[in-house]
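**Student:** sequence-free structure coming up:
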């Protein structure tokens with residue numbers, strides 16, 4: 001039982017002081033007061049918000065050749081993040097390893113997007129032909145592992161794929177259309193330009209790194225959100241924060257938010273080069289959004305029910321309702337003076353921040 005807290009689930013417009021009963025890995029009761037004697041284990045949530053477990057749509061927890069992945073369990077336990085989505089740390093031929101060594105042993109829930117192509121390319125082979133040669137294997141792998149794999153990840157930006165980015169985007173679009181899969185698209189430096197990328201996005205696709213300061217961004221020269229970006233959102237394309245080591249900038253975020261363009265989902269893009277700063281974890285990333293003026297409910301919605309709909313693998317994930325998975329975070333908003341740093345090492349001083357006081361996943365207390 002979690003007692004004495006304020007249940008807060010903006011996805012359901014739920015906000016009430018109540019006790020939460022958990023049994024068999026699911027939420028079994030929501031009542032004004034549950035007798036203490038009825039619980040085997042009790043968590044005191046006095047002074048805390050009791051929210052759905054946080055869902056991070058952009059992480060890196062697969063440890064491949066790059067070695068960038070982080071262990072999701074200890075970070076999830078201290079941060080309230082009970083569902084992790086690995087954003088393309090592995091290719092189709094590593095999917096079995098992702099399942100066996102990351103998904104199955106993890107106490108938190110883990111899903112993933114498959115990277116567009118394997119990295120061990122024959123240097124004598126044409127790059128575009130090489131990527132095209134793996135389309136069927138990649139698509140088949142996602143379809144065969146739909147329980148844990150969400151779609152395809154592609155990195156678009158001159159710093160990531162050189163002159164091939166436009167071609168890789170076309171291949172990713174063709175692959176996703178052929179196998180009816182969602183696309184997760186990283187944006188960074190032009191070429192290609194933003195309009196070209198947005199034209200390729202379809203409903204249910206996700207554009208990540210939305211608040212970067214790079215040349216392949218969502219803001220025009222006048223500090224306004226580009227028309228093609230707004231048109232993409234109107235079509236059902238989702239926009240994700242994806243903080244990362246280089247992809248979140250306070251000034252860019254302030255311009256977009258000032259122009260009314262809030263994130264659909266808030267994620268960390270956490271890996272071992274940013275876990276000790278500037279990213280740290282989900283509550284720190286949420287605190288940055290709070291400092292930029294987003295409301296608490298907007299932030300909670302973008303870290304619970306909204307990304308849970310993208311995952312779409314577990315009924316009622318990201319909500320607090322009877323029968324829903326017992327994935328719960330105990331969060332507080334502390335007041336004080338807190339330095340927060342973006343990817344370009346610009347630091348602001350916030351007066352409020354999110355902190356996690358407890359985490360439950362699958363009905364088991366992690367912290």
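**Tutor:** Now that the structure is in, tell me what you want to look at. It should be emphasised that the depicted structure is a prediction, and the values quoted were computed from it without experimental measurement.
**Student:** who are the contact partners of residue 177?
**Tutor:** Residues in contact with residue 177 (C-beta atoms under 8 Å, 6 or more residues apart in numbering) are residue 202. (C-beta placed from N, C-alpha, C; glycine too.)
**Student:** quick one, helices of the stretch 151-300 of the chain?
**Tutor:** For the stretch 151-300 of the chain, the helices defined by DSSP state H, counting those that start in this stretch occupy 158-161, 165-179, 194-200, 227-235, 250-258, 282-291, 296-303.
**Student:** residues contacting the fifth one, please?
**Tutor:** Residues external to helix 250-258 that are found in contact with it (C-beta under 8 Å, 6+ apart): 210-213, 217-219, 223-225, 288, 292-294, 342, 346, 348.
**Student:** now the helices of the stretch 151-300 of the chain as JSON lines including mean pLDDT?
**Tutor:** Compiled in JSON lines, the helices of the stretch 151-300 of the chain are given as follows (pLDDT from 0 to 100):
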{"stretch": "helix 158-161", "mean pLDDT": "73"}
{"stretch": "helix 165-179", "mean pLDDT": "96"}
{"stretch": "helix 194-200", "mean pLDDT": "97"}
{"stretch": "helix 227-235", "mean pLDDT": "98"}
{"stretch": "helix 250-258", "mean pLDDT": "98"}
{"stretch": "helix 282-291", "mean pLDDT": "98"}
{"stretch": "helix 296-303", "mean pLDDT": "98"}
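**Student:** and the ones you listed: which comes nearest residue 114?
**Tutor:** Among these, the nearest to residue 114 by C-beta to C-beta is helix 165-179 (10.0 Å).
**Student:** tell me how far the closest one is from the chain's mean position?
**Tutor:** Relative to the chain's own centre, helix 165-179 is displaced by 22 Å; criterion: C-alpha atoms, centre = their mean, to the nearest Å.
**Student:** now do the buried residues in that helix.
**Tutor:** Residues of helix 165-179 classed as buried: 165, 166, 168, 169, 170, 171, 172, 173, 175, 176, 179 (neighbour count, 16 or more other C-beta atoms under 10 Å).
**Student:** likewise for stretch 137-151?
**Tutor:** By neighbour count on 16+ other C-beta under 10 Å, the buried set for stretch 137-151 is 138, 139, 141, 142, 145, 148, 149, 150, 151.
**Student:** that one: end-to-end distance?
**Tutor:** 13 Å (C-alpha to C-alpha, to the nearest Å).
**Student:** ok, and what's touching that stretch?
**Tutor:** Here stretch 137-151 makes contact (C-beta under 8 Å, 6+ apart) with 85, 91-93, 95, 98-99, 103, 110-114, 116-117, 152, 175-176, 178-179, 181-184, 310-313.
**Student:** could you report the distance from residue 218 to residue 34?
**Tutor:** Shown here: residue 218 relative to residue 34, a distance of 46 Å by C-beta to C-beta, to the nearest Å.
**Student:** now do the residue nearest to residue 157 when sequence neighbours are not counted: how many residues are near it, please.
**Tutor:** Closest residue in space to residue 157, ignoring its immediate chain neighbours: residue 188 at 3.2 Å, by C-beta to C-beta, 6 or more residues apart in numbering. Neighbour count of residue 188, defined by other C-beta atoms under 10 Å: 21.
**Student:** my read: residue 188 touches residue 210, true?
**Tutor:** No - under the criterion of C-beta atoms under 8 Å, residue 188 makes no contact with residue 210, lying 11.6 Å away.
**Student:** in the stretch 101-250 of the chain, where is pLDDT below threshold?
**Tutor:** For the stretch 101-250 of the chain, the stretches with pLDDT under 70 are 120-123, 160-162.
**Student:** now do the strands in it.
**Tutor:** With DSSP state E, counting those that start in this stretch as the criterion, the stretch 101-250 of the chain has strands at 109-115, 149-156, 183-187, 206-208, 238-240.
**Student:** one step back: which of the contacts of helix 250-258 count as buried?
**Tutor:** 210-213, 217-219, 224-225, 288, 292, 294, 342.
**Student:** residue 56: which of those is nearest?
**Tutor:** residue 288 (14.3 Å).
**Student:** got the contact list for the closest one?
**Tutor:** So residue 288 contacts 243, 248, 250, 253, 340, 342, 350 (C-beta under 8 Å, 6+ apart).
**Student:** now it: how far from residue 137?
**Tutor:** Noted for residue 288: a distance of 39 Å to residue 137, by C-beta to C-beta.
**Student:** try residue 14
**Tutor:** Plainly put, residue 14 is 44 Å away from residue 137 if you go by C-beta to C-beta.
**Student:** ok, residue 269 touching residue 58?
**Tutor:** Yes - the criterion here is C-beta under 8 Å, and residue 269 meets it with residue 58 at 4.7 Å.
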